[in-house]
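Novice: how would this look folded up:
(one chain, ligands or ions: 2)
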Amino acid sequence: MESHAVLIHINFRDPDFKEALDEFVLLSESAGVDVMDIITGSRDSPDARYFVGTGKAEEIRDCVQRNNAPLAIFNHDLSPAQERNLEQFLQCRVLDRSGLILDIFAQRARTYEGKLQVELAQLQHLSTRLIRGWTHLERQKGGIGLRGPGETQLETDRRLIGQRIKAIHGRLDKVRGQREQSGKQRRESSTPVMSLIGYTNAGKSTLFNHLTGAGVYAANKLFATLDPTIRRCELASGRAVVLSDTVGFIRHIPHDLIAAFRATLEETRQSDVLLHVVDSNDAEREARIEQVNSVLSEIGAGHIPQILIYNKIDQEDLAPRMDYDAGNQRFSIWLSAQNGSGMGLLHEVLDRHVRGNAERHELHLPPTAGKLRAELFELGAVREEQTSDDGGWLLKVDLDSRQLHKLMHTDGIDPGMLQ
Ligand SMILES: Nc1nc2c(ncn2[C@@H]2O[C@H](COP(=O)(O)OP(=O)(O)OP(=O)(O)O)[C@@H](O)[C@H]2O)c(=O)[nH]1
Ligand SMILES: [Mg+2]
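Specialist: Ligands and ions are numbered 1, 2, ... in the order given. You can find the predicted model right below:
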């Protein structure tokens with residue numbers, strides 16, 4: 001967006017409208033905005049015409065003129081009418097919170113699917129605004145009942161947008177089909193899937209890189225990660241897991257976007273465990289945990305077991321530690337993804353989760369069971385191996401019995417053949 005802007009932030013007592021100012025500044029900077037000035041105020045509820053009162057609107061206008069700012073950004077969602085009224089009154093472009101987040105998403109999307117999703121959300125956001133905007137122009141022309149050029153243009157635009165939306169839906173269905181297929185394969189491979197989730201900027205990608213040795217983009221920007229990234233990784237115990245890095249959450253995320261990213265969040269919904277990353281220095285830490293949990297419920301992932309990871313302990317010079325909350329059967333780990341302290345504890349807890357109800361099995365695999373043998377190795381479940389006289393293998397394996405039987409079943413191996 002690379003633009004100069006004046007920011008407007010209103011304090012509401014009503015939690016439905018309440019936003020955080022520091023988050024707003026970071027959001028704007030993440031979008032590439034050069035913040036010229038910030039105007040704050042407080043209200044009980046939004047004004048229908050300008051969202052703010054007339055006096056505040058004048059203050060904003062003066063500030064916009066003084067700074068020669070081409071853009072005013074509100075930390076709140078505006079109705080299409082409010083946005084239009086404000087643009088006329090302030091004589092500059094006006095962007096609301098959803099529009100700002102959409103802009104960041106548009107800058108960040110990398111994969112084909114991510115780009116389609118963002119374009120869809122943008123078109124949906126635009127279509128409401130386009131219609132009302134044009135209605136206003138028509139009225140100015142005063143051509144009641146006449147099909148003036150404005151109206152024709154409006155209809156053309158609407159039709160084009162409608163067609164484009166339809167085409168995107170079609171393409172999305174196709175890529176989603178492909179992704180579901182590979183997701184299914186991954187789940188069937190019975191390697192546990194763990195997703196890193198959490199508020200934006202909590203340090204998910206940094207932790208992902210630390211665990212997997214991958215070079216994923218991590219930055220002090222909101223929504224640095226948009227498209228899920230998936231890697232296999234090996235725990236210190238040798239056991240394998242599939243780790244997925246996901247888009248960060250934020251409170252009051254535009255609904256268009258939740259809908260658009262529902263499919264991407266499918267990855268999260270199909271996880272065996274969620275690694276919920278929290279910035280331990282965040283003053284609003286607990287509230288953010290709740291906001292993330294409420295998005296998780298919304299996408300149908302509220303029931304998946306979580307491990308809470310309090311990250312960035314280096315900033316406060318805290319010691320790494322591990323707690324267990326018996327009531328919620330939940331581990332929390334305090335660590336630093338940046339300098340690696342506490343990572344040993346994380347490996348331990350992850351390993352415990354992967355092991356689940358692992359039991360020791362002694363297997364005598366026939367030479368025809370090479371695929372099962374390879375899968376057991378891939379899972380990191382093999383503790384000892386010897387070759388047997390018949391050309392097969394004698395294995396000592398630590399694995400959940402149900403998982404072992406499932407593997408044998410998919411490979412068409414008769415459990416009776418095993419010791
Ligand atoms: N001091 C400190 N900084 C950290 C730590 N972990 C991450 N950071 C910093 O926090 C910022 C955000 O990190 P990311 O890993 O991009 O966060 P994220 O959760 O993936 O963010 P989004 O993808 O935007 O949702 C970066 O500037 C990191 O360098 C840590 O343990 N200590
Ligand atoms: Mg990230």
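Novice: how many other residues sit next to the residue in the stretch 1-150 of the chain positioned nearest to ligand 1?
Specialist: Of all residues in the stretch 1-150 of the chain, the one sitting closest to ligand 1 is residue 30 (7.9 Å; Cβ to the nearest ligand atom). Where C-beta positions appear, they are placed from N, C-alpha and C, glycine not excepted. Using other Cβ atoms under 10 Å, residue 30 has 23 neighbouring residues.
Novice: quick check: phi and psi on it?
Specialist: Residue 30 adopts backbone torsions of phi -60, psi -30, taken as degrees, to the nearest 10.
Novice: so how far is ligand 2 from it?
Specialist: Distance of residue 30 to ligand 2, computed by Cβ to the ion, to the nearest Å: 12 Å.
Novice: can I assume that residue is in contact with residue 104?
Specialist: Yes - look at residue 30 against residue 104 with Cβ atoms under 8 Å: they come within range, at 5.5 Å.
Novice: ok, which stretches of this protein are helices?
Specialist: 21-30, 54-67, 80-90, 97-108, 112-141, 149-188, 204-212, 255-261, 266-269, 285-298, 343-355, 370-378, 401-410 (DSSP state H).
Novice: turn the ones you listed into a markdown table, columns for distance to residue 46 and mean pLDDT.
Specialist: Output for these, formatted as a markdown table (distance: least, Cβ to Cβ, whole Å; pLDDT from 0 to 100):
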| stretch | distance to residue 46 | mean pLDDT |
| --- | --- | --- |
| helix 21-30 | 16 | 87 |
| helix 54-67 | 11 | 96 |
| helix 80-90 | 8 | 93 |
| helix 97-108 | 12 | 84 |
| helix 112-141 | 17 | 67 |
| helix 149-188 | 27 | 76 |
| helix 204-212 | 33 | 90 |
| helix 255-261 | 17 | 64 |
| helix 266-269 | 33 | 75 |
| helix 285-298 | 21 | 87 |
| helix 343-355 | 44 | 89 |
| helix 370-378 | 56 | 88 |
| helix 401-410 | 53 | 80 |
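Novice: most tightly packed of those helices?
Specialist: Highest mean neighbour count of those: helix 204-212, a mean of 23 (counted as mean count of other Cβ atoms under 10 Å).
Novice: against which helices or strands is it packed?
Specialist: If you count contacts as 3 or more Cβ pairs under 8 Å, 6 or more residues apart in numbering; DSSP states H and E, helix 204-212 packs onto strand 193-198, strand 229-234, strand 240-245, strand 273-279, strand 306-311, helix 343-355.
Novice: would JSON lines of these with distance to ligand 2 be doable?
Specialist: Listed next are these as JSON lines, based on distance: least, Cβ to the ion, whole Å:
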{"stretch": "strand 193-198", "distance to ligand 2": "8"}
{"stretch": "strand 229-234", "distance to ligand 2": "9"}
{"stretch": "strand 240-245", "distance to ligand 2": "6"}
{"stretch": "strand 273-279", "distance to ligand 2": "9"}
{"stretch": "strand 306-311", "distance to ligand 2": "12"}
{"stretch": "helix 343-355", "distance to ligand 2": "17"}
